[in-house]
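Q: Sequence first, then the predicted structure:
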Amino acid sequence: MPDIAKNLSFSIEWEDPCAARGAELRATWCRLLIQVGQTPVTRVLDERAQTVREAVYCSAYPLAEWFAFNWWPLLNESERPSSAAQRHNLRFAREGFALPDLELFSEDSFVRATWKSYRPASAPIRFLDEGFALLDRKSVVAEIQGFVSKVVARLQSQGVPPTTLTDEWKAISETSNPEKEFCETAGALGLDPYDLEDSKAGEIFSVAKILRPEMKREFFLAADSTILSQQARWISKCLRQLETCETKTKLAGKKGLYWAQLRSLSPWQNGYDLARTFRNEYGFGNPTRPLGMDKMCGLKKGDIPVIRVGEEQQLDAVTRMSARFGPQVATSKNRASSQSYLLARALCEYLCSDAEESALLTRVSSDRQKRNRAFAAELLAPAEGLRKLLSGSRITRDEIAELAAHLGVSEWLVEHQVQNHQLATVEETQPLPAGK
């Protein structure tokens with residue numbers, strides 16, 4: 001599991017700019033140390049001097065300007081195929097200087113930081129460290145705000161005339177709450193709210209009006225800005241078809257059962273704990289036995305409250321949370337294991353619901369999606385059961401396939417459980433030698 005106790009920090013010591021050109025560059029020349037926890041992400045090998053140092057020498061202005069111009073996507077966009085590294089990786093702020101390959105992606109209440117060693121073309125140095133951490137989002141925002149504000153204050157104290165950075169930072173700082181909500185929505189889509197065509201801004205407003213309030217945040221975190229209206233129409237179609245489903249299951253009446261048990265743990269740990277509680281409370285205690293979702297629902301074999309709607313829309317599913325009938329799912333997915341997994345995720349939403357009537361299941365790393373994915377994984381393939389079923393601490397993909405077949409789940413789910421709970425090392429199966 002990732003370490004969530006670390007934080008991001010920027011340390012600036014102003015230095016003599018020597019031969020640096022440009023007023024804003026000269027005014028902000030510094031020794032820059034960037035750390036994640038106690039790890040100096042800016043630790044480099046100076047190939048000329050053959051020495052290792054923990055900081056780089058550069059102008060702080062390009063990095064501060066990059067933070068300002070990418071502010072809304074940087075802090076609101078989750079990683080997905082359409083995400084551009086230019087909006088999330090500090091090395092794109094270097095402008096001829098040496099900055100680390102440090103990537104920051106929003107994961108709801110967290111920010112995921114990933115850094116890699118590399119040698120920039122602009123300087124005879126090599127960044128040495130690699131790592132990964134989940135950081136508290138509020139702390140990251142405060143640290144970046146402090147860094148940019150310090151650079152802006154330095155420009156002013158050195159008598160540098162207003163720059164694009166100072167103008168952009170002023171606009172961000174003076175954003176009102178209604179404007180902030182729109183800027184965060186546009187940012188979640190990977191868009192610059194200050195550089196949007198009127199047609200795209202209008203589409204965002206129109207889609208927001210169509211969606212149910214409880215779905216808006218998860219939708220914009222997962223949606224593709226190029227097919228926004230198409231995805232919203234698919235959700236509406238799913239909800240209409242789910243309204244006609246009247247198959248009552250044994251899960252009916254359990255809506256909101258665990259709402260009061262949502263704790264300030266990591267969302268995935270919350271999901272694991274709730275799944276174990278559910279299995280124990282409802283007689284599914286043996287973790288090595290397959291758990292059929294049809295049996296859990298009290299329906300005949302192979303029958304679960306999942307319907308197929310339309311084509312793939314880059315969204316996993318829509319769930320209707322009916323107090324009368326139980327959780328119901330609409331998805332484009334056809335495989336039985338995928339449908340069972342989605343129903344298990346929907347069950348988590350149902351048990352944790354307060355007053356919501358529907359929910360969206362997606363692939364992004366929001367707190368809600370992390371929780372329901374962890375719940376579904378632990379419900380269908382409990383870590384304790386896998387530990388008992390595994391042959392040892394080193395297993396092959398053939399054994400992953402056997403375990404998946406036994407539990408009636410996908411191989412992907414079993415592999416993730418094995419890796420996330422550090423149950424065993426999965427070795428690649430060696431190909432058979434070709435015959436002569």
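A: Here it is on my side, so go on. Residues are numbered from 1 along each chain as shown.
Q: ok so residue 236 is a strand residue?
A: No: secondary structure of residue 236 (DSSP: H, G, I helix; E, B strand; the rest coil): helix, not part of a strand.
Q: Spatially nearest residue to it, not counting backbone neighbours?
A: Nearest non-adjacent residue to residue 236, counting by CB to CB, 6 or more residues apart in numbering: residue 210, 6.5 Å away. Backbone N, C-alpha and C define where each C-beta goes, glycine included.
Q: Residue 200 versus that neighbour, what's the distance?
A: 16 Å (CB to CB, to the nearest Å).
Q: burial of the nearest residue to residue 23 once chain neighbours are set aside, as a residue count?
A: In this structure, residue 23 finds its nearest non-sequential neighbour in residue 160, 4.9 Å apart by CB to CB, 6+ apart. When neighbours are defined as other CB atoms under 10 Å, residue 160 has 20 of them.
Q: Which residues are in contact with residue 160?
A: 23-24, 27 (CB atoms under 8 Å, 6 or more residues apart in numbering).
Q: cool, and residue 27?
A: 17, 61, 154-155, 158, 160.
Q: quick one, domains of this protein?
A: 8-175, 197-380, 385-427 (automatic domain parsing).
Q: can you tell which of those domains is closest to residue 189?
A: Residue 189 lies closest to domain 197-380 among the domains of the chain, at 4.3 Å (CB to CB).
Q: From the chain's centroid, how far away is the closest one?
A: 17 Å (CA atoms, centre = their mean, to the nearest Å).
Q: can you give me the end-to-end distance of it?
A: The first residue of domain 197-380 is 46 Å away from its last residue (CA to CA, to the nearest Å).
Q: Could you pull out the helices in the stretch 51-200 of the chain for me?
A: 61-69, 71-76, 137-157, 164-173, 177-188, 198-210 (DSSP state H, counting those that start in this stretch).
Q: what's the closest of the ones you listed to residue 93?
A: Nearest of those (CB to CB): helix 61-69, 3.3 Å.
Q: what is the rounded mean pLDDT of the closest one?
A: Averaged over helix 61-69, pLDDT sits at 97.
Q: okay, it in PDB with CA atoms only?
A: C-alpha atoms of helix 61-69 as PDB (Å, rounded to 0.1, in the frame of the first residue of the first chain):
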ATOM      1  CA  TYR A  61       9.900  31.800 -12.300                       C
ATOM      2  CA  PRO A  62       9.200  29.200 -15.000                       C
ATOM      3  CA  LEU A  63       8.000  26.600 -12.500                       C
ATOM      4  CA  ALA A  64       5.700  29.100 -10.700                       C
ATOM      5  CA  GLU A  65       4.300  30.200 -14.100                       C
ATOM      6  CA  TRP A  66       3.700  26.600 -15.000                       C
ATOM      7  CA  PHE A  67       1.800  26.000 -11.800                       C
ATOM      8  CA  ALA A  68      -0.400  29.000 -12.400                       C
ATOM      9  CA  PHE A  69      -1.200  28.200 -16.000                       C
END
